[in-house]
Every structure is written in C-alpha cells, then in structure tokens.
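Peer 1: need a 3D model of the sequence below.
(one chain, ligands or ions: 1)
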Amino acid sequence: MKWEKLSAIRLIEELKSGSITSEEISAYFLDKIKKVDRILNSFITLNEKAVEEAKKVDKNGRKGRLAGLPIAVKDNITTKGIRTTCASRILENYIPPYDAEVISRIKREGGIIIGKTNMDEFAMGSSGENSGFGPTKNPRDLNRVPGGSSSGSAAAIAAGLAPLALGSDTGGSIRAPASFTGIVGLKPTYGAVSRFGLIAYANSLEQIGPMGKNVLDTAYLYSIIYGEDEKDSTSLPSPPLSIERISDFEAKGVKVAVLTDLVSRVDEPVKKMFERGINYISEIGAEVNEVKLEGIDLALPAYYVIACSEASSNLARYDGVRFGVDCRTNLNWRDAYKEVRKLFGKEVKVRIMLGAYTLSAGFFEEYYVKAVKVRRRIRDGLKKLLKKYDYVAIPTMPVLPWRIGEKLDDPLYVYLSDALTVPANLAGVPAISLPIGLADGLPVGIQFIADEFEEEKLFGLAKRFEEKAGELEVVDL
Ligand code: GLN
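Peer 2: As a prediction, the model looks like this:
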C-alpha cells in the first residue's frame, strides 16, 4: 500500500479503524524519508523516538483527533528533546527543553512528530537556498527551488514524505513553497495560532500554519493548532471551525476582488494560469470583480524594513552564552561574541545589518516609522476592501520556481518575489495558497485572502476551487 497517496484525513480513518497501526505508518514514512531525502534534503533532523512514541499511541488505542498520524515540523518550532536548528549553524546543537504550544496541541491529539524540516536560515528567504544545511530541492523538478522559507515542509508533503506539516509565515514562507511545490498552505490570522515556541524572526508579522496535500487536510491540521494561548500575549480567541461546514460551503454569490495592479505585474505563464483560476472562480458561482488598491506596491519595501528591524533585535540573543554554540573557551568576551556571530549565514548577517541601520538614531524616523505608517495604510485599505468583498484573489508568486543557484547573485529578484504574499502579513489577515495547475510542468498557486478570523470561509472557497482545479498528485521519487 502506498500510504502517501491517501489524504491525511483518510489515513486517520485507517488508523482509527485499525487497518494500520501508528507504529507501522510512522515506520513507513521514516523509511521513505531515509530512502528519498538523500535527493531532496527536506529534513534536518529525524525524530529517533518516533516509532517508540507511535507504539505508545497504539497501546492507548490511537486516541485523539490525529490518532497516531506522523507530522513534519519546520525547524524553527521548538520540540522538547529534538534538536531545533532554524537551519542555522549557530543553533546546530540546540535541543529545546520545551515544546511549542502547537506541538503540545498536536501531541495531545495523538500526533507523532516525525522530524524537523529544512528551511531558509531563521526563516529568511523565499527559495529554501539560504539553509545552513544545504538547499532543499523541488520534488516537481529537482533542478528548481521549492520556495521558502518553509521549503522542507512543502517538499516533504509534495514528495509524500509526510501526510501533514507545520510551517511558519512571516511574509509568505508557507504560501510561497506551497505554491512552488503544488500543495496547500495557510497563513492564519495574526493571533489565531500561538507563537509560543516559534523561534522569532519578525514577531509582529509571523504565524505558524498548516500545510497539506489538499484543502481539507490543511483545514484539519489547522483545527488542531489554532486557539488562544495564555503563553502568547498576542494570541486571541477564534470562532469555532468545522470541517463539515467547509465541505458544505456554498460559493454561489460570494464576492471576490482581483487586485489588478498586482496581477498585471506577474510573469506571463503565471498570468495565464491565474486567468484559468479566475475562470474556475466564476464556474463555482462566485462573482469576480477587478479592483485597484492604492499603495499596495509599497507593501514590499515596508515589509523588508519592518522584518529586518525586528530581526536585528531578535537575533541579538545569539551570543553563545544564553543561546547559540558556546565559543567562550580561551577568548575574551568581544572575541567570543565575534566568533559566535560568524556562524550566521550571509543573508542573516545582511538582515541584521539592515535592521540595525533602520533602527539607528537619525534613520529610525526615516525608515522604521515610515514603514509602520505604510503598514497601517495597507491594513486599512485591505480591511476596507474586505468589507465590500468576501475575498481578495491574487497569484501567490509572481514567477515560476527558478533554478537552484540561478538567483544567488540577484537578491532583489528574490525579495521581489514576495510582493504578493507580504500584504496579508502586514495587514494581519489570513491567506491561503493552493494549486491552480501546472505551467510547463511547474506548479502555479492562487492565493485567497479573507478578513481576520475568517479561516473557515477561506477554506470553504478553497475547497470549492480545488474541486475545479484538482489536487496535484504526490511525486514518486
Ligand atoms: N521571503 C520573506 C523573507 O525572507 C518571507 C519569509 C517568511 O515568511 N519567513 O523575509
């Protein structure tokens, strides 16, 4: 039986019915990872105790809503006793003493953490190439990037190495790789999912979110991780989410706004596929409206100023004393600090410096304060639009997945590829990416955005859309 071909929801049914045990399924996926991941490099660390933990879940009767299902976790989410590196050499040996809130919730429902997935170092990147543990490959074309920063989680799902995965999204890190690998990923409303245990890149923008092969699987994982948590002061209560209501969602008559100024700037193959997507939206009975949103082109520069400012402050803690590899031996403090900080990769260093600059006296007003004002404008604009329309629809990425290494000397190209994903983070609203289909054999994703805490409504439209567009098959490597 090729278990990776089944949906996660179906696998859970199989587990509950007893036609397969958690031990068997965990061993099956671990085995597949060991065989295939030499090519893909989607995992940094495997959970050596996964099978043992699965046995325990079996012994207790495969209880909980996950009933012993294996789940892959991005390596910036802390897992008690399992190395958590953020794909950085500075955290190469970091073993967290505690679980992130989302991990506790998964375990409570009988989920098995199968391993920690590769990513751009500290979630800084859009391609998966900025990892201190080597780039991840796109299972749909091994010469191309899988998108980032949740590169490993996306690649693992697309290649059938895990039925479900967690990612994090600061400016597109769930949606970009979902789009590039042809899977589904949700960036939740800011505050909907606890960030307790998410190693911070830019706190005011990021959320942990679910990734899956299809809409219902993704919604199912979301239903387990969302909800207020007193350990995260920015978390908020969400309305209840029902998989049944998502399945029965009625798309007839819902109003969708297409942001034409963003769409007009994407590459031709993406534009063509997006037009196909628009047709699907009409075919499911939704009303499509072309809309302009003033100032949306300022989202990207504002995002990078805010994200780098927060990063430079967040990453100060890696001093080799409190966190990070200990380099103190035989060195004075200044030299030891220098030694430790050398372990950051190039992109991380660039962003720390950019952030230090935008926060420094004299430039603070000119950059940071201005960016925060732009953010407010974008949030107000999007919120206003979402009063009039139920959804915003745009492509997820403006380009097709590029070749690995091809853009290493063109960082601006890579930054610009976030232009369509960062608005949702700046505004704090939820956004989902799912496949429209393949262009020249490469996946193209569509993005739906809704108002705060409207995840159920977002999944509902996505579900109807998926029935038209079809799911992309898991790749056999
Ligand atoms: N590509 C964006 C960045 O590099 C977004 C990353 C993310 O969402 N973590 O900042």
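
Peer 1: send the alpha carbons of stretch 350-367 over as PDB?
Peer 2: Once non-C-alpha atoms are left out, stretch 350-367 reads as follows in PDB (Å, rounded to 0.1, in the frame of the first residue of the first chain):
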ATOM      1  CA  VAL A 350      22.800  41.200   5.800                       C
ATOM      2  CA  ARG A 351      19.400  41.500   7.500                       C
ATOM      3  CA  ILE A 352      20.800  42.100  11.000                       C
ATOM      4  CA  MET A 353      22.900  45.000   9.500                       C
ATOM      5  CA  LEU A 354      19.900  46.400   7.500                       C
ATOM      6  CA  GLY A 355      17.800  46.200  10.700                       C
ATOM      7  CA  ALA A 356      20.400  47.800  12.800                       C
ATOM      8  CA  TYR A 357      20.600  50.600  10.300                       C
ATOM      9  CA  THR A 358      16.800  51.200  10.000                       C
ATOM     10  CA  LEU A 359      16.500  51.300  13.800                       C
ATOM     11  CA  SER A 360      19.500  53.600  14.500                       C
ATOM     12  CA  ALA A 361      19.300  57.200  15.600                       C
ATOM     13  CA  GLY A 362      18.700  59.500  12.700                       C
ATOM     14  CA  PHE A 363      17.300  56.800  10.400                       C
ATOM     15  CA  PHE A 364      14.600  55.500  12.600                       C
ATOM     16  CA  GLU A 365      12.100  58.100  11.600                       C
ATOM     17  CA  GLU A 366      13.000  57.900   8.000                       C
ATOM     18  CA  TYR A 367      12.700  54.200   7.700                       C
END
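
Peer 1: mind listing what's buried in it?
Peer 2: Buried residues in stretch 350-367, defined by neighbour count with 16 or more other CB atoms under 10 Å: Arg351, Ile352, Leu354, Gly355, Ala356, Tyr357, Thr358, Leu359, Tyr367. C-betas here are computed from N, CA, C, even on glycine.

Peer 1: contacts for the helix or strand harbouring Asp261?
Peer 2: If you go by DSSP states H and E, Asp261 is part of helix 260-263. Taking CB atoms under 8 Å, 6 or more residues apart in numbering as the criterion, the residues outside helix 260-263 that touch it are Lys271, Phe274, Glu290, Val291, Lys292, Leu293, Ile296, Asp297, Ile394, Pro395, Ala419, Leu420.

Peer 1: dump the residue contacts of the closest residue to the ligand within the stretch 351-477 of the chain.
Peer 2: With CB to the nearest ligand atom as the measure, the residue in the stretch 351-477 of the chain that lies nearest the ligand is Asp418; the distance is 4.6 Å. Contacts for Asp418 (CB under 8 Å, 6+ apart) come out as Ser126, Gly171, Gly172, Ala176, Leu300, Tyr303.

Peer 1: pLDDT score for the fourth one?
Peer 2: Model confidence at Ala176, expressed as pLDDT, equals 98.

Peer 1: can you give me the buried ones in the helix or strand bottoming out on mean pLDDT in the chain?
Peer 2: The helix or strand of the chain with the lowest confidence, counting by mean pLDDT, DSSP states H and E, is helix 333-341 at a mean of 85. By neighbour count, and taking 16+ other CB under 10 Å as the criterion, the buried residues in helix 333-341 are Ala336, Tyr337, Glu339, Val340, Arg341.

Peer 1: looking at those, which is nearest the ligand?
Peer 2: The closest of those to the ligand turns out to be Arg341 (CB to the nearest ligand atom; 19.7 Å).

Peer 1: the closest one and Tyr318 touch, don't they?
Peer 2: Yes: here Arg341 reaches Tyr318: they are 7.2 Å apart, a contact under CB atoms under 8 Å.

Peer 1: now the common contact residues for these two.
Peer 2: Residues touching both Arg341 and Tyr318 comprise Ile90, with contact defined as CB under 8 Å, 6+ apart.

Peer 1: what sits against Ala356?
Peer 2: Contacts were defined as CB under 8 Å, 6+ apart; by that measure Ala356 touches Ser312.

Peer 1: on that earlier part again, name the residues that touch the least confident helix or strand of the chain?
Peer 2: Identification of contacts with helix 333-341 by CB under 8 Å, 6+ apart yields Ile90, Tyr318, Asp319, Gly320, Gly324, Val325, Cys327, Arg328, Leu331, Lys349.

Peer 1: now stretch 267-276
Peer 2: Contacts to stretch 267-276, defined as CB under 8 Å, 6+ apart, come from residues 263, 266, 394-395, 397-400, 436-437, 439-440, 444, 446.

Peer 1: max pairwise distance over the residues you listed: which two?
Peer 2: Of all pairs drawn from those, the one with the largest separation by CB to CB is Ile394 and Asp440; the distance is 20.8 Å.
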